[in-house]
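Colleague: This is a predicted model, with the sequence first.
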Amino acid sequence: MTAQRSTTQTNHQQLDRMLRRKEVEQITARSRSAIYEGMADGTFPKPVKIGSRAVAWPESIIRKWIAERMEGA
């Protein structure tokens, strides 16, 4: 039972937190229109569909995008 519990905890740690648009706006300091313009021109990551009418960005993708901007600065 302990091995199964350990595996389950490891799997949960590997799951990426999903960020909705408002949180992405706060983290990146970009407006809604800037996010969508960036998605259209390929300079900002596209979200993943999480429901029939909902999308979100994996937190790791947004953090990576921020890190890339900082490295290029």
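Modeller: Everything's here; your move.
Colleague: any weak-confidence spans in this protein?
Modeller: Counting by pLDDT under 70, the chain has low-confidence residues at 1-13, 73.
Colleague: Other residues contacting the strand or helix carrying residue 61?
Modeller: Using DSSP states H and E, residue 61 falls within helix 59-72. For helix 59-72, contacts defined as Cβ atoms under 8 Å, 6 or more residues apart in numbering pick out 16-19, 24, 27-28, 44-45. In this view, the C-beta of every residue, glycine as well, is placed from N, C-alpha and C.
Colleague: ok, now stretch 24-33?
Modeller: 19, 21, 35, 38, 44, 57, 62, 65-66.
Colleague: For residue 55, which three-state class applies?
Modeller: Following DSSP: H, G, I helix; E, B strand; the rest coil, residue 55 is assigned to strand.
Colleague: Count the neighbours of it for me.
Modeller: Neighbour count of residue 55, defined by other Cβ atoms under 10 Å: 13.
Colleague: Which residue, other than its chain neighbours, is closest to it?
Modeller: residue 47 (3.8 Å; Cβ to Cβ, 6 or more residues apart in numbering).
Colleague: So that neighbour sits against residue 36, correct?
Modeller: No: counting by Cβ atoms under 8 Å, residue 47 does not reach residue 36; the two are 10.3 Å apart.
Colleague: quick one, which of these two is more surrounded?
Modeller: Using other Cβ under 10 Å as the criterion, residue 47 and residue 36 rank with residue 47 on top: 20 against 14.
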